[in-house]
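J.: Return a 3D structure for these sequence lines:
(one chain, ligands or ions: 1)
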Amino acid sequence: MYCLKKITDDLTWVGGNDRRLAMFEGVYSVPDGVSYNSYIMMDEKTVLFDTVDRAVSKVFFENLTEVLQDRPLDYLVVHHMEPDHSFTLEEVVLRYPNIKIVCNAKILTMIKQFFEFDIDSRVIVVKEGDVLSTGKHQLTFFMAPMVHWPEVMLTYDTTDGILFSADAFGCFGALNGAIFADEVDFELNYMKEARRYYGNIIGKYGPQVQAMLKKIAPLEIRLLCPLHGFVWRKDIEKYMEKYERWSSYTPEEEGVVIAYASIYGNTENAAEILASRLWDRGIKTVMFDVSVAPASDIITAAFCYSHLVFASATYNNGIFVSMEALVFDIVAHNLQNRTVAVIENGSWAPNSGKLIRAELEKCKNMNILENKITIKSSMKKSQLAEIEAMVDAIANTMKK
Ligand code: FEO
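T.: Residues are numbered from 1 along each chain as shown. Okay, here's the model as predicted:
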């Protein structure tokens, strides 16, 4: 049975929600599910904007059939070829063989990589600034390479001021019956998921997101339609400001993320003492045990806060495994502009701190504090002064 959401007189959401997915992209936990958004515009010509993941294909086709009734599907605009949005593309073509597929040259190449159906006879290749008239609506295409893949493009409907923004401005979390961000308490219940989505999925591509923001700045956007999460019709500028901040790697808040990897609790003890002393000084602090916390949660916090402390046991003469994975992940996500401190532990040759520092030096504009603390097996009373010195160094690098 269809389950669709009307957005405007001409535009309907025909996507679906998946609450059973254990790991999005095989990496990111989605405890509150995820939506795969697809939109259909009913004009003199009918236009489908993207398709969906296979997980929601049944309801997607039911939605599509319900909206179209006995009308043909004239165009499919493809913005992004990642399979969470393109898996059902071939089936759309099989069901609607007279459809024209509107995409750019890179998307065309990728369609040929993912599928073997005859695309050349039904493709309309567009480039930056091209316009497609569907009757009342005029669709303009903008390229947005590396937001999140190289082929990504956006569509702006000049008639109703609708931006189809592909992965940009998306959010984890199923829609739970709503469609507009202003219907739910987005700040309370979804902003963290939007940040987690941004940091983990698009976080690496800050400069490309900045280029996209510059490109869409002159547009009068009345509706923002991403491929995941809610449609925006209010507070669009406020949400764009978040993107401005995240993509420029500017911390949202002054505060400390302590990520620790502890085998028998002694490194954790040092992290706890540090957190306690930071709060004593009124410094907001969050803690993660990297062996149990999803890396995506820690990366989200790292995108939010100004200061990061890594406390790690030494293991096999290197960084403890879960911490090593986290640090590599942070470097891979291109995080910048943070102040960092390191605590290392080791019973005979502590050197995890040196190795963490060497990894993080690959990131741009990281202020790595000299106050490294080295623990030999367990924290000693005599080292409390070192903790205080680290708290001082952190406090001294905060504005407030
Ligand atoms: Fe939601 Fe990059 O795909």
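J.: So residue 394 sits against residue 369, correct?
T.: Yes - Residue 394 lies in contact with residue 369 (CB atoms under 8 Å); the separation is 7.4 Å. Bear in mind the C-beta positions are built from the backbone N, C-alpha and C, glycine included.
J.: show me the contacts for residue 34.
T.: Contact analysis of residue 34 by CB atoms under 8 Å, 6 or more residues apart in numbering lists 17, 18, 21, 24, 172, 173, 174, 228.
J.: Any idea what the second one is bridged to?
T.: Beta-bridge pairing for residue 18 (DSSP bridges): residue 34.
J.: since we're on it, how many residues are nearby?
T.: Neighbour count for residue 18, taken as other CB atoms under 10 Å: 18.
J.: Who has more neighbours out of residue 394 and residue 369?
T.: residue 394 (25 against 18).
J.: what secondary structure does the closest residue to that one other than its chain neighbours sit in?
T.: In space, residue 394 comes closest to residue 307 once its chain neighbours are excluded; the distance is 5.6 Å by CB to CB, 6 or more residues apart in numbering. Recorded secondary structure, residue 307: strand (DSSP: H, G, I helix; E, B strand; the rest coil).
J.: Can you tell me who residue 307 pairs with across the strands?
T.: residue 256, residue 339.
J.: can you pull the contacts of it?
T.: 254, 255, 256, 257, 338, 339, 340, 341, 394, 397, 398.
J.: So residue 74 sits against residue 100, correct?
T.: Yes - at 6.5 Å, residue 74 counts as touching residue 100 under the criterion of CB under 8 Å.
J.: Now do the contacts for whichever residue of the chain sits closest to the ligand.
T.: Closest residue of the chain to the ligand, CB to the nearest ligand atom: residue 82 (3.6 Å). Contact analysis of residue 82 by CB under 8 Å, 6+ apart lists 148, 149, 167.
J.: let's go with 7 Å and repeat that
T.: residue 149 (CB atoms under 7 Å, 6 or more residues apart in numbering).
J.: per-residue confidence at it?
T.: The per-residue pLDDT reported for residue 82 equals 98.
J.: With the one 4 residues further on instead?
T.: With respect to pLDDT, residue 86 has a value of 98.
J.: Let me know how buried it is, in neighbour terms.
T.: Residue 86, neighbours per other CB under 10 Å, totals 22.
J.: Quick one: residues contacting it.
T.: 51, 78, 114 are the contacts of residue 86 under CB under 7 Å, 6+ apart.
J.: With the flanking residues excluded, which residue is spatially nearest to the first one?
T.: Setting aside the residues directly before and after it, residue 51 is nearest to residue 88 in space (CB to CB, 6+ apart), at 4.2 Å.
J.: Mind giving me the packing neighbours of the longest helix along the chain?
T.: Identified as the longest helix of the chain according to DSSP state H is helix 266-280. Applying 3 or more CB pairs under 7 Å, 6 or more residues apart in numbering; DSSP states H and E, we find helix 266-280 packed against strand 253-261, strand 285-289, strand 305-315, strand 339-345, strand 373-375, helix 384-396.
J.: I'd like those as TSV, with distance to the ligand appended.
T.: Shown next, in TSV, are the helices and strands packed on helix 266-280 (distance: least, CB to the nearest ligand atom, whole Å):
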stretch	distance to the ligand
strand 253-261	26
strand 285-289	25
strand 305-315	26
strand 339-345	29
strand 373-375	40
helix 384-396	36
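J.: Out of the ones you listed, flag the one nearest residue 321.
T.: strand 305-315 (6.3 Å; CB to CB).
J.: and the next element down the chain from that closest one?
T.: strand 318-319 (DSSP states H and E).
J.: What lies in contact with that following strand?
T.: With CB under 7 Å, 6+ apart, strand 318-319 has contacts from 312, 324, 327, 352, 355, 356.
J.: which neighbours does it have in its sheet, and in what orientation?
T.: Strand 318-319 has these strand partners (DSSP bridges): strand 305-315 (antiparallel).
J.: Could I get the average pLDDT for the partner strand?
T.: 98.
J.: Run the angle between it and helix 266-280 for me.
T.: 160 degrees (axes from the mean of the first three to the mean of the last three CA atoms, to 10 degrees).
J.: can you give me the offset of strand 305-315 from its chain's centre?
T.: Centroid separation between strand 305-315 and its chain, computed with CA atoms, centre = their mean, to the nearest Å, is 23 Å.
J.: Quick one: neighbours of the residue nearest to residue 51, just the number.
T.: For residue 88, using other CB under 10 Å, the count is 23.
J.: Then residue 273?
T.: Neighbours around residue 273, by other CB under 10 Å: 16.
J.: My guess is it contacts residue 386. True?
T.: No - under the criterion of CB atoms under 7 Å, residue 273 makes no contact with residue 386, lying 10.3 Å away.
J.: so what does the helix or strand containing residue 58 touch, helix or strand wise?
T.: In this structure, residue 58 is located in helix 57-68 according to DSSP H and E. Secondary structure elements in contact with helix 57-68, counted by 3+ CB pairs under 7 Å, 6+ apart, are strand 39-42.
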